[in-house]
Structure formats: structure tokens, C-alpha cells
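**Student:** got a predicted model here, sequence first, then my questions.
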Amino acid sequence: MTFAELYGEALHHELGSSDVSELFTTARRKVAINRAQREFARLTQCFSADLVQPVTDGLAVYDLDVLSNNLFVNFKAQPVRLRRTTTASGAVSEDRLTRHDEPWLDAQNIGWRNSPQSGVADTYAFIVDGGTNQIALSLRPQVPTTETWELVVPVVLNPPDMANDGDVPFTWPSGSPLTPNPNMALEPYHWALAHFAASQLERLRKDTQAVEGQLSMFGAYIQDYKATRRPRGGDVRARQARDYYRRTRNSGSGAIEQGDPRV
């Protein structure tokens with residue numbers, strides 16, 4: 001579905017109203033759909049990528065916001081790797097890096113940021129410095145002249161807001177180093193955005209029952225997405241879709257964006 005179809009036809013249906021000029025204005029509808037896209041991506045981690053950062057000799061800290069076009073949200077469960085390529089032969093090897101918090105690194109190696117020690121990094125830390133998301137290596141990399149090194153960083157990303165009527169949800173931004181093609185495997189879940197957006201807009205009518213109903217249907221899409229991607233076997237058990245509104249309200253996790261829908 002396109003952005004126009006979601007804030008238009010889909011919300012007409014879920015709200016039971018074609019009003020676009022008084023209460024459910026076009027501007028409010030667009031904001032609500034984009035909020036829904038971010039929430040779906042955050043809860044499912046469906047918008048993700050392996051970011052590749054060339055490693056510079058002696059440089060230990062790299063900016064994740066620059067690398068991700070300011071879309072970085074969090075790391076995925078998969079390990080960060082150091083990929084080393086031999087220039088002459090093209091042979092490639094990868095080493096998994098262990099994640100530690102910054103205080104742990106400080107305790108183990110005081111002054112590690114400016115330490116003269118260098119070599120092949122085996123540890124990294126996630127650092128937020130002045131609002132900037134960074135990944136820091138320890139040891140400082142010492143890249144041989146016969147090799148090239150890259151960091152492979154699996155991350156969860158924020159989908160960029162849709163702006164044009166023809167935009168498709170969960171699409172990489174044009175001009176980014178990431179593939180700018182829509183993930184059509186997510187097309188069956190596009191209608192979930194209408195449910196979440198409708199829940200935000202129903203607050204304007206102060207219809208608590210409608211808000212809860214829409215959030216519950218949104219939650220069912222979330223559970224379906226996770227269930228279809230859950231590994232088979234082991235101790236995995238299918239669970240019924242939970243009431244999304246009640247679960248997020250009681251958890252205190254801030255899962256529902258509470259911005260004013262009258263923007």
C-alpha cells in the first residue's frame with residue numbers, strides 16, 4: 001500500500017469517516033501513519049541492516065548516526081564482526097566482537113580510549129556522547145598495510161517518515177548507502193499501520209473503547225509477524241495475540257507514542 005492509500009482509504013475505513021478537513025485532517029492522518037510505521041518497526045525489528053564501516057588504522061570510535069543516515073535505534077542480537085580482507089589474495093576472515101559497557105572497559109583498562117595499545121580489536125562498547133550514538137573498539141585497530149578491515153554492525157533502524165503520496169512503508173531513503181527498495185514481504189502488514197494510526201486519532205473523539213479496539217488489532221499484527229518468523233522446534237510455543245493496549249499501558253515501557261495527534 002502507498003502512503004496515500006493508508007492515510008486516505010485505509011483510515012476512512014477504520015475511522016468510519018472520510019473527514020479530512022475538520023477533526024481527522026490530512027496532516028493529522030499523515031503524522032499518525034508515520035508514528036505507526038515507527039512503532040511497528042520498533043516492536044518487530046523488521047527494519048534492520050548490516051551496516052559496514054571501513055576501519056581506519058588507529059581510529060577506535062565510529063559514529064553510528066552518520067553510518068545509518070541518522071536511522072540507528074539499537075543493535076540486533078547478532079554479533080558485531082570485524083571483517084579482514086587480505087589485499088593480495090582477497091581472502092576474507094571475520095572475528096566476532098564481545099560487547100561490554102563503557103564502565104566495564106574503564107575498569108579493565110583505564111584510559112583505553114587513548115591507550116597506546118593497539119592490535120586486533122576483540123571488544124566493543126556502545127557509547128552515547130553528546131546525543132551521538134557511537135561504537136568504540138578496544139583495542140585500537142592496528143591495520144596491516146596488506147589488509148583492509150571493516151566493521152559489520154547488525155542494527156535495528158527507524159524507517160524514515162513517508163512524505164510523498166506514492167511512498168511505500170518500510171522503504172530505505174533514496175540516496176542512502178542502503179538499498180532504496182521497499183520490502184514487499186511486509187506488504188501484508190501495511191494495514192497494521194492504519195489500526196495504530198486510527199487509535200491515535202480516535203483519542204480526538206475521546207472514544208476509549210475504539211482506541212483499545214484499534215490497538216488490540218494492531219497488537220494482533222505484531223504477534224502474527226513475530227510468530228511467522230519464530231524458529232521452529234525447541235521450547236518455542238505459539239501464544240495468542242495479547243491486548244496491545246493493556247500490555248503496553250501496564251508495562252510502563254512507553255511502547256505507545258503519546259504525542260498530541262492534533263499536530
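**Tutor:** Nice, I can see it. Residues are numbered from 1 along each chain as shown.
**Student:** use CA for all of it now, contacts and neighbours both
**Tutor:** Fine.
**Student:** for Glu5, what are its contacts?
**Tutor:** Neighbouring residues of Glu5 by CA atoms under 8 Å, 6 or more residues apart in numbering: Asp165.
**Student:** rerun at 10 Å
**Tutor:** 11-12, 165-168, 191, 194 (CA atoms under 10 Å, 6 or more residues apart in numbering).
**Student:** could you point out which element follows the helix or strand containing it?
**Tutor:** In this assignment (DSSP states H and E), Glu5 forms part of helix 3-5. Downstream of helix 3-5, the first helix or strand assigned by DSSP H and E is helix 11-15.
**Student:** for that next one, packing partners?
**Tutor:** helix 190-202, helix 208-228 (3 or more CA pairs under 10 Å, 6 or more residues apart in numbering; DSSP states H and E).
**Student:** quick one, phi psi at the residue most central in space within the chain?
**Tutor:** In the chain, the centroid-proximal residue (CA atoms, centre = their mean) is Leu157; its distance is 2.8 Å. Main-chain torsions, Leu157, degrees, to the nearest 10: phi -120, psi 160.
**Student:** kindly report the same for the one 4 residues further on.
**Tutor:** Comment: the main-chain dihedrals of Asp161 come out as phi -60, psi 140, following degrees, to the nearest 10.
**Student:** can you tell me the closest non-neighbouring residue to it?
**Tutor:** Asn34 (5.6 Å; CA to CA, 6 or more residues apart in numbering).
**Student:** if I look at the residue nearest to Asp101 when sequence neighbours are not counted, how far off is Lys76?
**Tutor:** Closest residue to Asp101 apart from its sequence neighbours, by CA to CA, 6+ apart: Ala125 at 5.4 Å. Separation of Ala125 from Lys76 (CA to CA, to the nearest Å): 14 Å.
**Student:** please apply the same query to His13.
**Tutor:** Relative to Lys76, His13 is positioned 36 Å away (CA to CA).
**Student:** of the two, which one has the most company?
**Tutor:** Neighbours per residue, other CA atoms under 10 Å: of His13 and Lys76, the larger number sits with Lys76, 16 against 13.
**Student:** what residues are up against that one?
**Tutor:** So Lys76 contacts 45, 48-50, 153-157 (CA under 10 Å, 6+ apart).
**Student:** which non-adjacent residue is nearest it?
**Tutor:** Per CA to CA, 6+ apart, closest to Lys76 is Val155, 4.9 Å.
**Student:** next, count neighbours for that neighbour.
**Tutor:** Val155 has 24 nearby residues by other CA under 10 Å.
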